[in-house]
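Asker: Predicted model and sequence follow; I will ask about them next.
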Amino acid sequence: MSTDEIHEALAVTPGRSRLSGKVPLAGTALAFTSMYLAAGALTPLLVVYRQQWDFAPSILTLAFAVYAIGFLVAALTLGSLSDHLGRRPVLIGALAVQLLSNILFLVAPDVGWVIAGRIVQGVATGAATGAFTAALVEHAPVNNKRLGTILGSIGLTGGLAVGSLLTGLTIQLTTSANTITFVVLSVLTVCGAIAVFVSPETIPRGAGALRSLVPNIKIPPGARAEFFAAAPVVAAVWMLAGLSGGLAPSLVHSVFHLDSGLLDGLAGFIAPAVSVVIGLSFARIPSRQAMTIGIYASIIGSLGIILGASAGSLTAMFIGQAVAGVGFGAAFTAALGLIVPLAAADQRAGLVAAIYVVSYFGLGVPVVVAGQLTNVIGDVPTVGWYSAVVVLLALISLGAQLRLKQSLLMRKNVAT
């Protein structure tokens, strides 16, 4: 049965929604974006929590990083569930879990509740991201499926950026930022769940739901060279994402001695905002070229961040974060373009899972280590070591990319 026939059948099935056109697409995009708005909102709020409850920097970075653990576990076990149960049940369930995390943040009496909320939030987002991405493409017009991909990219990275900035502005202008933020996000989550509920299902149910819960992490032989060449810079750009989300807002206070919710939010906004623009604008640039640009940008961005922190220049740090955003948008998009097409259709889920592992390892673990180092050697030296690791990983990928280019050129010359 074709996709169009499935849609037609669903439209006339009793009890199913008869919504059609752009409404399901818009509603699904709203629901997806609400999840990443919530994830981004924690970036400046973690600084508020630290001021309120006076916990160590290592606890702040832990509260940021546990999101990656919840996301990764859920993505590896629940990421393919919607292929068997349908998109709507999985998405509605994930949005219900997301609502629970919002409530935990709303009523949190201490940082322990925040850490629990972050884990729950990660689980919800990890379970739903793959299903949302697929649903957006499936709800998109038949002649413009790329619109679904674009909305998915904007909702994910743009949601992180806007969530951080708007929450920072709320902190700056009100004394009830936590309450306002999570009441609004809870309303958006409920609206998103309603939108998903009244939208038509896009795929039929199938067997294999229980089998899909077993993590499948495999790198096919044909993709290994590209995977291992890209893996270091993938980890590096996600480390930079962790720096922007987990460390940069607290640096505004501890290094630059500025007490501004807006600047905290801006510190979490710049890199993901730039990365979403670059990811979209680089869609037509050859992946190998985009990868090289991303590697150099991640190196320059890292150096700009540590230069800004060392010189006490917030402007320089923000510029470094913007360049780092170029690195993320270019390198990660290029990595997907270079690696995923090398796998057969039945191998791609395991390969994407391997990319997830590298990405969220880079997002979470280094930030936790940095939080521990901050207690021992201070903020600026920690950022220095953190940036040095990013540069080293990027250089490893640069060397691997050069070797791949030479190998491909030699093969081409032999073939001709």
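Answerer: Thanks, I have the structure now. Residues are numbered from 1 along each chain as shown.
Asker: Going along the chain, name the strands of the stretch 1-150 of the chain.
Answerer: Here the stretch 1-150 of the chain has no strands by DSSP state E, counting those that start in this stretch.
Asker: Can you list the low-confidence ranges for it?
Answerer: For the stretch 1-150 of the chain, the stretches with pLDDT under 70 are 1-21.
Asker: mind listing the helices in it by residue range?
Answerer: 3-12, 22-53, 57-78, 82-85, 87-107, 111-139, 146-153 (DSSP state H, counting those that start in this stretch).
Asker: out of those helices, nearest to G246?
Answerer: Nearest of these to G246, taken as C-beta to C-beta: helix 57-78 at 3.7 Å. The C-beta positions use only the backbone N, C-alpha and C, and glycine is treated the same way.
Asker: Okay, domains of the chain per the record?
Answerer: Per automatic domain parsing, the structural domains of the chain span 1-215, 216-416.
Asker: Same list (those domains) but as a markdown table, adding mean neighbour count.
Answerer: Putting those into a markdown table (neighbours: other C-beta atoms under 10 Å) gives the following:
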| stretch | mean neighbour count |
| --- | --- |
| domain 1-215 | 20 |
| domain 216-416 | 20 |
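Asker: Give me the phi and psi for L81.
Answerer: Torsion angles at L81 (phi, psi; degrees, to the nearest 10) stand at phi -60, psi -40.
Asker: Let me know whether it touches V90 as I believe.
Answerer: Yes - with contacts counted by C-beta atoms under 8 Å, L81 reaches V90, the gap being 5.3 Å.
Asker: Mind listing the shared neighbours of the two?
Answerer: Residues touching both L81 and V90 (C-beta atoms under 8 Å, 6 or more residues apart in numbering): A127, A131.
Asker: in the stretch 151-300 of the chain, which spans are helices?
Answerer: Using DSSP H, counting those that start in this stretch, helices in the stretch 151-300 of the chain cover 159-173, 177-198, 224-242, 248-254, 261-281, 287-311.
Asker: Let's have those in TSV, adding distance to A207.
Answerer: Shown next, in TSV, are these (distance: least, C-beta to C-beta, whole Å):
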stretch	distance to A207
helix 159-173	34
helix 177-198	23
helix 224-242	30
helix 248-254	46
helix 261-281	36
helix 287-311	36
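Asker: any chance of the ones you listed in a markdown table, plus distance to T61 and mean pLDDT?
Answerer: As requested, the helices of the stretch 151-300 of the chain are arranged in a markdown table below (distance: least, C-beta to C-beta, whole Å; pLDDT from 0 to 100):
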| stretch | distance to T61 | mean pLDDT |
| --- | --- | --- |
| helix 159-173 | 16 | 95 |
| helix 177-198 | 20 | 94 |
| helix 224-242 | 9 | 94 |
| helix 248-254 | 8 | 90 |
| helix 261-281 | 14 | 92 |
| helix 287-311 | 16 | 94 |
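Asker: looking at the ones you listed, which is closest to I103?
Answerer: Nearest of these to I103, taken as C-beta to C-beta: helix 177-198 at 7.0 Å.
Asker: okay, the closest one in CSV with CA atoms only?
Answerer: Provided in CSV are the C-alpha atoms of helix 177-198 (Å, rounded to 0.1, in the frame of the first residue of the first chain):
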residue,chain,number,x,y,z
ALA,A,177,10.7,33.1,35.7
ASN,A,178,10.6,29.4,36.6
THR,A,179,6.8,29.5,37.2
ILE,A,180,6.1,31.5,34.0
THR,A,181,8.3,29.4,31.9
PHE,A,182,7.0,26.0,32.9
VAL,A,183,3.3,27.1,33.0
VAL,A,184,3.7,28.3,29.4
LEU,A,185,5.6,25.3,28.3
SER,A,186,3.0,23.0,29.9
VAL,A,187,0.3,24.7,28.0
LEU,A,188,2.2,24.3,24.8
THR,A,189,2.8,20.7,25.5
VAL,A,190,-0.9,20.0,26.1
CYS,A,191,-1.8,21.9,22.9
GLY,A,192,0.8,19.9,21.1
ALA,A,193,-0.6,16.6,22.4
ILE,A,194,-4.1,17.7,21.3
ALA,A,195,-2.8,18.5,17.9
VAL,A,196,-1.1,15.1,17.6
PHE,A,197,-4.3,13.4,18.9
VAL,A,198,-6.6,15.0,16.3
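Asker: other SSEs contacting it?
Answerer: If you count contacts as 3 or more C-beta pairs under 8 Å, 6 or more residues apart in numbering; DSSP states H and E, helix 177-198 packs onto helix 22-53, helix 87-107, helix 159-173.
Asker: can you list those helices in JSON lines and add distance to T382?
Answerer: Formatted as JSON lines, the helices and strands packed on helix 177-198 follow (distance: least, C-beta to C-beta, whole Å):
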{"stretch": "helix 22-53", "distance to T382": "16"}
{"stretch": "helix 87-107", "distance to T382": "27"}
{"stretch": "helix 159-173", "distance to T382": "21"}
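Asker: Tell me which of those helices lies nearest to V367.
Answerer: Once the helices and strands packed on helix 177-198 are compared by C-beta to C-beta, helix 22-53 is nearest, at 11.3 Å.
Asker: what angle separates that closest one from helix 159-173?
Answerer: 50 degrees (axes from the mean of the first three to the mean of the last three C-alpha atoms, to 10 degrees).
Asker: so how far is helix 22-53 from its chain's centroid?
Answerer: From the chain centre to the centre of helix 22-53 is a distance of 12 Å (C-alpha atoms, centre = their mean, to the nearest Å).
Asker: Likewise for stretch 73-86?
Answerer: Averaging C-alpha positions (C-alpha atoms, centre = their mean) puts stretch 73-86 17 Å from its chain's average.
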